[in-house]
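**Q** Quick one, fold the following:
(one chain, ligands or ions: 1)
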Amino acid sequence: MAIEKFLAERALNVQESGIRRIFNLAASLKNPINFSIGQPDFDVPAPIKEAAIAAIQAGYNGYTVTQGLPQLREMIADQVARYYPEPPSVLVTSGVSGGLMLSLMATVNSGDEVLFPDPYFVSYPNLVSWFGGKPVPVSLYPDFRLDPKTLQAAITSKTKILILNSPNNPTGVVYDAESMKAICRLADERDLLIISDEIYRDLSFDGPACSPIEFAPHRTILLRGFGKSYGMTGWRMGYLVGPAPLVTQMSNMQQYTFVCAPQPAQHAGIVALDTDMTEYVNAYRRKRQIVEDELRGYFEFTRPSGGFYFFLRAPERHETGTAFVEAAIEKNVLCVPGNVFSRKDSHFRISYAVKDEVLHRGCQILRSLV
Ligand code: PMP
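**A** This is a model prediction of the structure:
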């Protein structure tokens with residue numbers, strides 16, 4: 001029996017994530033230098049771990065209300081309250097992925113066009129397609145800065161949503177306040193909903209990253225997370241903030257899908273929001289400098305201001321990002337080809353969330369491939 005016949009059309013075209021493919025390859029190599037990992041290399045700070053353990057021991061192991069623990073929601077609302085005329089609606093989600101899925105599931109109708117800058121985070125085109133929308137990547141090559149005019153040119157009568165991701169995965173670029181303001185004005189003029197994926201917000205190295213909630217909170221769904229900020233990617237914690245009528249429906253949809261974020265992780269989230277992560281952020285700022293010093297002059301790149309990635313142009317003799325990544329893997333260094341995040345295949349992504357010594361060694365090998 002051809003069991004595949006049971007697969008829905010939306011499932012047939014789903015490819016294994018290009019990042020996961022490299023991740024699996026890493027498992028088959030002996031001691032690779034792994035620059036492909038999209039998560040912090042530090043462990044969860046002890047007080048946050050202890051809060052999760054204490055919650056489990058105290059029996060906080062059942063469901064919470066769908067929206068999330070009231071204390072956690074209040075703390076989240078306090079962080080952004082100054083941008084909203086009334087206390088904002090908050091929904092605690094199962095990671096930012098949960099927030100993204102609910103946001104798009106609740107807003108995309110068949111045929112709606114959803115714009116996002118290219119390069120983009122891998123989930124965006126998949127999720128938009130699953131809900132019947134049309135993903136419209138807008139190229140930000142070569143410098144990956146957000147030019148409002150480029151976005152404007154891609155808007156049609158069917159455009160409904162704009163997904164922004166700053167600090168950006170894979171480029172590390174943080175959108176400046178002036179461009180963000182112009183984009184928000186454009187969203188007002190063309191009546192677009194903004195979904196702002198700010199999962200790397202706490203890892204901003206050149207001053208705080210600007211958010212569309214500063215200019216257009218009335219038409220923004222804000223997505224933030226705990227995974228990258230506190231090293232707890234496996235705990236599946238994120239949250240969304242947005243206009244009440246949208247959040248109410250997303251919350252209703254969470255009842256039938258994720259139900260709630262994991263309760264012990266929510267208790268830990270309360271402690272996390274009060275934990276000072278400055279020393280961790282400083283460590284990543286320093287690692288960014290190490291990569292910059294090692295690779296400047298060898299590869300073309302826009303200096304990243306956030307996250308823990310560099311998006312580097314593959315040297316000419318390799319022709320494509322994929323060809324370069326294959327050459328790097330031959331030398332036991334894992335990176336991710338740019339076409340995983342883009343319609344183009346000219347670049348590759350490295351994550352510098354690794355030990356300094358590994359960073360130096362890996363960069364030397366990358367240089368040897370120029
Ligand atoms: N958005 C971006 C831009 C990401 O890089 C990631 C994780 N790599 C996510 C969302 C998903 O985050 P989470 O693990 O919180 O679901």
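
**Q** so which helix or strand takes in the spatially closest residue to D274 that is not a sequence neighbour?
**A** Nearest residue to D274, sequence neighbours excluded (C-beta to C-beta, 6 or more residues apart in numbering): M75, at 7.9 Å. Where C-beta positions appear, they are placed from N, C-alpha and C, glycine not excepted. Using DSSP states H and E, the element containing M75 is helix 70-80.

**Q** How about K160?
**A** strand 159-165.

**Q** and the helix or strand following that strand, which residues are buried?
**A** Downstream of strand 159-165, the first helix or strand assigned by DSSP H and E is helix 177-190. By 16 or more other C-beta atoms under 10 Å, the buried positions in helix 177-190 come out as S179, M180, K181, A182, I183, C184, L186, A187.

**Q** Same check on stretch 163-179?
**A** Those would be 163-175, 179, for stretch 163-179 by 16+ other C-beta under 10 Å.

**Q** From the chain's centre, how far out is that stretch? Work that out for me.
**A** With C-alpha atoms, centre = their mean, to the nearest Å as the basis, stretch 163-179 stands 10 Å off its chain's centre.

**Q** tell me how far the ends of that stretch are from each other?
**A** Length of stretch 163-179, first residue to last, C-alpha to C-alpha, to the nearest Å: 15 Å.

**Q** returning to what we had before: you'd agree the residue nearest to D274 is up against V271?
**A** No. Between M75 and V271 there is no contact under C-beta atoms under 8 Å: 10.3 Å.

**Q** pLDDT at I213, what is it?
**A** Note on I213: pLDDT of 98.

**Q** Same check on K181?
**A** The predicted local confidence for K181 is 98.

**Q** Let me see the contact set for the closest residue in space to it that isn't next to it in sequence.
**A** Once flanking residues are discounted, K181 sits nearest to F215: 5.2 Å by C-beta to C-beta, 6+ apart. When contacts are counted by C-beta atoms under 8 Å, 6 or more residues apart in numbering, F215 touches M180, K181, C184, R185.

**Q** gap between F215 and the ligand?
**A** 21 Å (C-beta to the nearest ligand atom, to the nearest Å).

**Q** List of residues touching the strand holding K160?
**A** So strand 159-165 is contacted by 104, 107-109, 112-117, 120-121, 124, 133, 136, 146, 151, 175, 183, 187, 190, 192-199, 212 (C-beta under 8 Å, 6+ apart).

**Q** So what are the sheet partners of it and their directions?
**A** Here strand 159-165 is paired, per DSSP bridges, with strand 113-118 (parallel), strand 193-197 (parallel).

**Q** neighbouring contacts of stretch 313-321?
**A** Against stretch 313-321 from outside (C-beta under 8 Å, 6+ apart): 298-301, 323-324, 327, 337-339, 345-348, 369-370.

**Q** right, and G242 touches R224 too?
**A** No. Look at G242 against R224 with C-beta under 8 Å: they stay out of range, at 11.6 Å.

**Q** how close does R288 get to the ligand?
**A** From R288 to the ligand the distance is 17 Å (C-beta to the nearest ligand atom).

**Q** K49 too?
**A** On the measure of C-beta to the nearest ligand atom, K49 and the ligand end up 18 Å apart.

**Q** got the buried residues for the helix or strand that residue falls within?
**A** Taking DSSP H and E as the criterion, K49 maps to helix 46-57. Using 16+ other C-beta under 10 Å as the test for burial, helix 46-57 gives I48, K49, A51, A52, A55.

**Q** gap between it and the chain center?
**A** So, by C-alpha atoms, centre = their mean, the centroid of helix 46-57 is 26 Å from its chain's centroid.

**Q** again with stretch 273-290
**A** 18 Å.

**Q** list the buried ones in that stretch?
**A** Counting neighbours by 16+ other C-beta under 10 Å, one finds that the buried residues in stretch 273-290 are L273, T275, M277, Y280, V281, A283, Y284, K287, R288.

**Q** I'd assumed M232 was in contact with the second one.
**A** No. Judged on C-beta under 8 Å, T275 makes no contact with M232 at a distance of 11.0 Å.

**Q** okay, and the common contacts of these two?
**A** Common neighbours of T275 and M232 (C-beta under 8 Å, 6+ apart) are I48.

**Q** now check the strand holding K160, is it near the ligand?
**A** Yes. Residues of strand 159-165 contacting the ligand under C-beta under 6 Å from any ligand atom: N165.

**Q** which residues in the stretch 251-370 of the chain form strands?
**A** For the stretch 251-370 of the chain, applying DSSP state E, counting those that start in this stretch gives strands covering 309-313, 333-334, 336-337, 347-351.

**Q** For the chain, what lies in contact range of the ligand?
**A** So the chain meets the ligand at 38, 95-97, 121, 165, 169, 197, 199, 225, 227, 233, 238 (C-beta under 6 Å from any ligand atom).

**Q** In a markdown table: these, plus secondary structure, distance to P315 and pLDDT.
**A** Putting the residues of the chain next to the ligand into a markdown table (DSSP: H, G, I helix; E, B strand; the rest coil; distance: C-beta to C-beta, whole Å; pLDDT from 0 to 100) gives the following:
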| residue | secondary structure | distance to P315 | pLDDT |
| --- | --- | --- | --- |
| G38 | coil | 24 | 90 |
| G95 | helix | 36 | 98 |
| V96 | helix | 33 | 98 |
| S97 | helix | 34 | 98 |
| F121 | coil | 25 | 97 |
| N165 | strand | 27 | 98 |
| N169 | coil | 23 | 98 |
| D197 | strand | 31 | 98 |
| I199 | coil | 30 | 98 |
| G225 | strand | 34 | 98 |
| G227 | helix | 33 | 98 |
| T233 | helix | 32 | 98 |
| G238 | strand | 37 | 98 |
